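Student: here is my input; please provide its structure:
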Amino acid sequence: MTPSIDKKRIWIVLGKILILVILGLAVIFSGKFTGFMNAPGLAFVILGGVAMILMGFSAPEIGAAFKHAAGGPNGREELRKSVHFWESCARNVLMFGVLGTLTSFIIGLCTLQGGISSIFSELAAAFLTTLYGVILGVVCLVPALKITKEFHKQPLLEAQEVRAKPDDRQTLKYENFIGYVLFIALMGWTIITATSSEVSLPLSPLDMFIHWPSLLVVVGGTAALVLFAGDARGGKSLTLSFAFTGLIGVLMGFVQVLHSLSSQNIKDVASAASFIISSCFIALVGMMLVGIPLEDRAVKARKNYKELTMSRIAWYVFPLLTLIFLFFVLVLVITPIKK
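Tutor: This is a model prediction of the structure:
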């Protein structure tokens, strides 16, 4: 197939996306779904997803994935990489949606004005980012499913399935650095915005984001686990370690909750809530900033996608648990306020 035809197909795909965007904007500005509007949250999810893609993939790989989504043919291994790319896009926006919900919940909780009714209003606005992440994730899975069909049609050639050496890894490229800068800028902007708000709870948003006991548990525990497991360059041990230590931090927060409820002291309850929330936040950021990009680059170099099985569990289960933990903290906060 000639390059001109490839470009034509790419323009067709971009045209379809543009039509969907125009239709979406028409629905949004119609006023029928004003309760689902959260422009900063949507921008946070999209920019975060782009940052993580740039951190884990090179420009040629991104271009090839869009060509394959447009119907461009290629070899079996190239199609497998494109399937992984689109799956990663879905994973990234989903995780950033949950991270956006977590950060919005922290800001809303610490700057609470108006009592319990305000809590539910803030929670509804916070969960919009998770909704955006799920919708965008489904959109990204469509080309992944399409390319998967083409992948299975390709002949299985022994030469194409030869595994690269374990140390055959991709080096960092300029687009990877751009992704890291964008990710850090997004998180820095979020934390700065949160800390500049007027606080109504005993703890500030910064205390919720980075609670020192939870930081010690998650980061220190991850470092210890990685030293025992090894292969930190591959990212798998980092991803799983952040998920496990984040869960440990949450369970420790639950223990602290049981002690704080007996005293009915708002400061103790807030400290216990910050332990839970901060453990989730630090674990998610650690997975997304450190573990997942390394894993994306290493797995593609090794050509062994079966290594992602355990990581996929961490990618999807831990964000889901984070949402469950937020509901628990909501109940935890409402109970002392009512009393």
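Student: got any ranges where the stretch 201-339 of the chain has weak pLDDT?
Tutor: For the stretch 201-339 of the chain, the stretches flagged by pLDDT under 70 are 201-203, 230-234, 262-266, 301-306, 333-339.
Student: put the alpha carbons of the helix or strand residue 180 falls within into CSV.
Tutor: Assessed by DSSP states H and E, residue 180 sits inside helix 174-195. In CSV, the C-alpha atoms belonging to helix 174-195 read as follows (Å, rounded to 0.1, in the frame of the first residue of the first chain):
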residue,chain,number,x,y,z
TYR,A,174,12.8,13.1,23.6
GLU,A,175,9.1,12.3,23.5
ASN,A,176,9.5,10.3,26.7
PHE,A,177,11.1,13.3,28.5
ILE,A,178,8.2,15.5,27.2
GLY,A,179,5.7,13.0,28.7
TYR,A,180,7.5,13.1,32.1
VAL,A,181,7.6,16.9,32.1
LEU,A,182,3.9,17.1,31.3
PHE,A,183,2.9,14.5,34.0
ILE,A,184,4.9,16.4,36.6
ALA,A,185,3.5,19.7,35.5
LEU,A,186,-0.1,18.4,35.8
MET,A,187,0.4,17.0,39.3
GLY,A,188,2.3,20.1,40.4
TRP,A,189,-0.5,22.4,39.1
THR,A,190,-3.1,20.2,40.9
ILE,A,191,-1.2,20.3,44.2
ILE,A,192,-0.5,24.1,44.0
THR,A,193,-4.1,24.8,43.2
ALA,A,194,-5.2,22.7,46.1
THR,A,195,-2.8,24.3,48.6
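Student: name the residues that touch that helix?
Tutor: Helix 174-195 is touched from outside by 44, 47-48, 50-59, 62, 103, 106-107, 110, 204-206, 209, 285, 288-289, 293, 297, with contacts defined as C-beta atoms under 8 Å, 6 or more residues apart in numbering. Backbone N, C-alpha and C define where each C-beta goes, glycine included.
Student: what about that helix, average pLDDT?
Tutor: On average, the pLDDT along helix 174-195 is 88.
Student: could I get the pLDDT score of residue 156?
Tutor: 54.
Student: and the one 10 residues further on, by the same measure?
Tutor: What the model reports as pLDDT for residue 166 is 46.
Student: what subset of the contacts of helix 174-195 is buried?
Tutor: Buried members of the contacts of helix 174-195, counted by 16 or more other C-beta atoms under 10 Å: 44, 47-48, 50-58, 62, 103, 106-107, 110, 204-205, 209, 285, 288-289, 293, 297.
Student: helix, strand or coil for residue 319?
Tutor: Using DSSP: H, G, I helix; E, B strand; the rest coil, the structure places residue 319 in helix.
Student: how many other residues sit next to it?
Tutor: Neighbour count for residue 319, taken as other C-beta atoms under 10 Å: 24.
Student: how much space between it and residue 284?
Tutor: Residue 319 sits 7 Å away from residue 284, going by C-beta to C-beta, to the nearest Å.
Student: can you pull the residues that touch both of the two?
Tutor: Residues touching both residue 319 and residue 284 by C-beta under 8 Å, 6+ apart: 95, 98.
Student: restricted to helices, list the buried ones among the contacts of helix 174-195.
Tutor: 44, 47-48, 50-56, 62, 103, 106-107, 110, 205, 209, 285, 293, 297 (DSSP state H).
Student: mind listing what's buried in the helix or strand hosting residue 277?
Tutor: Counting by DSSP H and E, the element that carries residue 277 is helix 266-286. Neighbour-count burial for helix 266-286, with 16+ other C-beta under 10 Å as criterion, is recorded at 268-286.
Student: which helices and strands sit right next to it?
Tutor: Contacts defined by 3 or more C-beta pairs under 8 Å, 6 or more residues apart in numbering; DSSP states H and E place helix 266-286 against helix 76-110, helix 205-209, helix 212-215, helix 236-263, helix 308-338.
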